[in-house]
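Visitor: Need a 3D model of the following:
(one chain, ligands or ions: 1)
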Amino acid sequence: MKPAVRYATLALAVAATLGLSACRVEQPNPAASGATHQEETGGSAKGDFGPPQGEPVEAILTSPPNVPPPTGRTAPAKVIVTLDVIEKEMPISEGVTYTFWTFGGTVPGSFIRVRQGDTVEFHLRNMPDSKMPHNIDLHGVTGPGGGAASSFTAPGHVSRFSFKALNAGLYVYHCATAPVGMHIANGMYGLILVEPPEGLPKVDREYYVMQGDFYTTGKYREKGHQPFDMEKAIDENPTYVLFNGMEGSMTGDKALTANTGEKVRLYVGNGGPNLVSSFHVIGEIFDKVWYEGGTRFQENVQTTLIPAGGAAMMEFHMEVPGSYVLVDHSIFRAFNKGALAILKAEGKENKAIYSGKEVDAVYLGDQAAGTSRAPVAAAAAAHEAGTLTKDDQIAAGKVLFAGTCSTCHQPDGKGMEGVFPPLAGSDFIKANPKRVPEIILHGLVGPVKVNGKDYNSNMPPMSQLTDDEVANIATYVLNSWGNPGGQVSREDAAKARATKPANASDGH
Ligand SMILES: [Cu+2]
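Guide: Here you go, the predicted model:
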């Protein structure tokens, strides 16, 4: 750093843009100094620190949300990375399975951490029970294809190639075997961090989070095994948008953790294949964002854009305890497609900074700590086994009601006078119990009288729910709070979906 030169350059630049004479801007503008000055690193041309020194090192690979420790090296090394390609069935949501193709057995794949100037010897092993050939394209590689051509690996084979990590930064890697989109959509991506020679500033916690969009033939949360849907993928119309490959991968007792007073760094990637992410943490402001995973940081950022096939690092300091919600702020993805994770901060309250209460109920709904969606999956499994009982449906419906209906009709079904009619002891329901699934699916608009009180409002349709979910919610409502009882089947729900009642809401 040469401040004098720096200011002089800046002054000239300012003078040039403003068309002023140089003598008028001899004094550096304190607001513009430093913060806007950009000294270049030299990129790949300055990233070769010579041949690797010492014994080869085995890279420590971690599964998400964990990040390997800093390399701590001051000289270039030969780093051996052995990554296994494993095709496996895993849950994508509660009671829903999907056949993922993985790097290292997880989605996203193992996190790789090296230092600029390191020579990476990459071993890609495709497991013998794989059905597909795979390869790897690392965005941190300088060379055509990023390693893809050198790493095409048939099931039961290993391929090996080497590269020198010439550019520092946070890079996505992914499979690039045709059909490329399908391999990525099935979970074949991860991150490789190439530390700058001096390393990154020390923080208290580091986490690995990666967004991806998923395409299943069934609806969001439709239970059972779900195959990949190529048409939805081509239309860029995902069923799920997820952090770390599974709905709820970082909620409840799997939430990320931190303590107040700590500095947290997130390494966030976006595997795509299609969507870009408007990454945001509800209740935090990023003190720093190394946008696009590069060398510069921006400060005081609310939401950062992460392109498909891109990454960013962000840092923030925890002041107030509670649940912080990681979302894609394209917000339907968070609350209706799964792009939601929790960072739970523990520590002493700090009412001077924030006097409010926990956000659990407001933002988390059925993802709040202590809420189990297990009864929903259990009911679906029982249905498949042909053993579904009314009690199974009621238990599942209770959970779904809490996540879908209780914001308006209240957890006790009593509604809110003059605004949301009661479902508890509703004479409207009693008069025609069959209408409940219809009202759920098509909404309700216009004047209605419930228990002697007039309502004239609009309930939005909830057609995003599956037939199973509608059947379970309706059965729960009919059997709660003194309502007349009865049972609504999946078939009843399908029939209700096909009939549009006269006073259906159009959603406005
Ligand atoms: Cu692949």
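Visitor: How is the closest residue to P65 other than its chain neighbours assigned, secondary-structure-wise?
Guide: The shortest distance from P65 to any non-neighbouring residue, by Cβ to Cβ, 6 or more residues apart in numbering, is to Y207 (4.6 Å). Quick note: C-beta positions are derived from backbone N, CA and C, even for glycine. Look at Y207: counting by DSSP: H, G, I helix; E, B strand; the rest coil, its state is strand.
Visitor: Taking the stretch 401-508 of the chain, what residue is nearest to the ion?
Guide: Distance from the ion to each residue of the stretch 401-508 of the chain (Cβ to the ion) is smallest for T466, at 30.2 Å.
Visitor: do the same with the stretch 351-500 of the chain
Guide: A377 (29.0 Å).
Visitor: give the contact list for that residue.
Guide: 94-95, 223 (Cβ atoms under 8 Å, 6 or more residues apart in numbering).
Visitor: Next one: it, what pLDDT does it get?
Guide: pLDDT recorded at A377 is 87.
Visitor: sec struct for it, please.
Guide: Applying three-state DSSP: A377 is helix.
Visitor: Out of the helices and strands in the chain, which is least certain?
Guide: helix 3-18 (a mean of 41; mean pLDDT, DSSP states H and E).
Visitor: I'd like the average pLDDT over the helix or strand following that one.
Guide: Sequence order places strand 57-58 as the next helix or strand after helix 3-18, per DSSP states H and E. The pLDDT scores in strand 57-58 average 97.
Visitor: who touches strand 57-58?
Guide: With contact meaning Cβ under 8 Å, 6+ apart, strand 57-58 is reached by 77-80, 82.
Visitor: quick one: buried residues of the helix or strand where D492 lies?
Guide: Here D492, judged by DSSP H and E, is contained in helix 490-498. Judged by neighbour count using 16 or more other Cβ atoms under 10 Å, the buried positions of helix 490-498 are 490, 492-493, 496-497.
Visitor: same deal with stretch 440-457?
Guide: Residues of stretch 440-457 classed as buried: 440-445, 448, 450, 455 (neighbour count, 16+ other Cβ under 10 Å).
Visitor: Ends of it, what's the gap?
Guide: With Cα to Cα, to the nearest Å as the measure, stretch 440-457 spans 15 Å from end to end.
Visitor: ok now it, how far from the chain's centre?
Guide: 37 Å (Cα atoms, centre = their mean, to the nearest Å).
Visitor: next one: stretch 286-298
Guide: Between the mean C-alpha location of stretch 286-298 and the chain-wide mean there is a distance of 19 Å, by Cα atoms, centre = their mean.
Visitor: which residues does the most centrally placed residue in the chain bridge with?
Guide: For the chain, the residue nearest the mean C-alpha position is F243 (2.6 Å; Cα atoms, centre = their mean). Under the criterion DSSP bridges, F243 forms beta bridges with Q211.
Visitor: Test my guess that it contacts L326.
Guide: Yes - F243 is within contact range of L326, at 6.4 Å (criterion: Cβ atoms under 8 Å).
Visitor: tally of neighbours for the residue of the stretch 401-508 of the chain closest to the ion?
Guide: T466: 20 surrounding residues under other Cβ atoms under 10 Å.
Visitor: ok, it touching Q226?
Guide: No - proximity of T466 to Q226 does not meet the contact threshold set by Cβ under 8 Å, at 11.6 Å.
Visitor: Show residues contacting stretch 148-158.
Guide: Under Cβ under 8 Å, 6+ apart, the answer for stretch 148-158 is 85, 122-137, 159, 161, 176-177.
Visitor: what residues are up against the residue nearest to the centre of the chain?
Guide: F243 makes contact with 209-211, 249-250, 326, 339-341, according to Cβ under 8 Å, 6+ apart.
Visitor: That one and the ion: what is the separation?
Guide: 21 Å (Cβ to the ion, to the nearest Å).
Visitor: what's the answer for G271, then?
Guide: 12 Å.
Visitor: Look up phi and psi at that residue.
Guide: phi -80, psi -20 (degrees, to the nearest 10).
Visitor: Pull the number of nearby residues for the closest residue to it other than its chain neighbours.
Guide: Spatial nearest neighbour of G271, chain neighbours left out: Y189 (3.3 Å); criterion: Cβ to Cβ, 6+ apart. Residues lying near Y189 (other Cβ under 10 Å) number 30.
Visitor: Y189 bridge partners, please.
Guide: Here Y189, judged by DSSP bridges, has bridge partners H174.
Visitor: For it, which residues are in contact?
Guide: 103, 108-109, 172-175, 210, 212, 269, 271-272.
Visitor: can you rerun that using 10 Å?
Guide: 102-103, 107-109, 136-137, 172-175, 183, 210-212, 245, 269-273, 308-309 (Cβ atoms under 10 Å, 6 or more residues apart in numbering).
Visitor: Could you do G54 as well?
Guide: So G54 contacts 73, 75-78 (Cβ under 10 Å, 6+ apart).
Visitor: cutoff 8 Å now
Guide: G54 makes contact with 75, 77 under the criterion Cβ under 8 Å, 6+ apart.
Visitor: quick one: pLDDT of it?
Guide: In this model, G54 carries a pLDDT of 94.
Visitor: again, but for R296
Guide: 94.
Visitor: cool, and F161?
Guide: Note on F161: pLDDT of 93.
Visitor: Helix, strand, or coil at it?
Guide: strand.
Visitor: what's the nearest residue to it if we skip its chain neighbours?
Guide: The nearest residue in space to F161 (Cβ to Cβ, 6+ apart) is S150, at 3.8 Å.
Visitor: Neighbours of the one you found, how many?
Guide: By other Cβ under 10 Å, 20 other residues sit near S150.
Visitor: quick one: is the strand ranked longest in the chain near the ion?
Guide: In the chain, with assignment by DSSP state E, the single longest strand is strand 78-93. No - using Cβ under 5 Å from the ion, we find that strand 78-93 stays clear of the ion, coming within 6.8 Å at best.
Visitor: centre of the chain versus that strand, how much separation?
Guide: On Cα atoms, centre = their mean, the centre of strand 78-93 falls 19 Å from that of its chain.
Visitor: Following element in sequence after it, please.
Guide: As assigned by DSSP H and E, the chain's next helix or strand after strand 78-93 is strand 96-103.
Visitor: neighbouring strands for that next one, and are they parallel or not?
Guide: Strand 96-103 has the following strand partners under DSSP bridges: strand 78-93 (antiparallel), strand 224-225 (parallel).
Visitor: Can I get stretch 318-326 in CSV? Just the C-alpha atoms.
Guide: Provided in CSV are the C-alpha atoms of stretch 318-326 (Å, rounded to 0.1, in the frame of the first residue of the first chain):
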residue,chain,number,x,y,z
MET,A,318,-24.1,-11.9,16.2
GLU,A,319,-25.4,-9.3,18.6
VAL,A,320,-28.9,-10.6,19.6
PRO,A,321,-29.9,-14.2,20.4
GLY,A,322,-32.6,-16.0,18.5
SER,A,323,-33.5,-17.7,15.2
TYR,A,324,-32.2,-16.1,12.1
VAL,A,325,-33.8,-17.4,8.9
LEU,A,326,-31.7,-18.0,5.8
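Visitor: Which residues of this structure lie near the ion?
Guide: Selection of the chain residues close to the ion by Cβ under 5 Å from the ion yields 134, 175, 177, 183, 188.
Visitor: Could you export the residues you listed as a markdown table, including neighbour count, distance to L256 and pLDDT?
Guide: Output for the residues of the chain next to the ion, formatted as a markdown table (neighbours: other Cβ atoms under 10 Å; distance: Cβ to Cβ, whole Å; pLDDT from 0 to 100):
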| residue | neighbour count | distance to L256 | pLDDT |
| --- | --- | --- | --- |
| H134 | 25 | 29 | 95 |
| C175 | 27 | 27 | 96 |
| T177 | 22 | 32 | 93 |
| H183 | 22 | 28 | 97 |
| M188 | 31 | 24 | 98 |
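Visitor: which pair in the residues you listed spans the largest distance?
Guide: Farthest apart among the residues of the chain next to the ion by Cβ to Cβ are T177 and M188. That separation is 8.4 Å.
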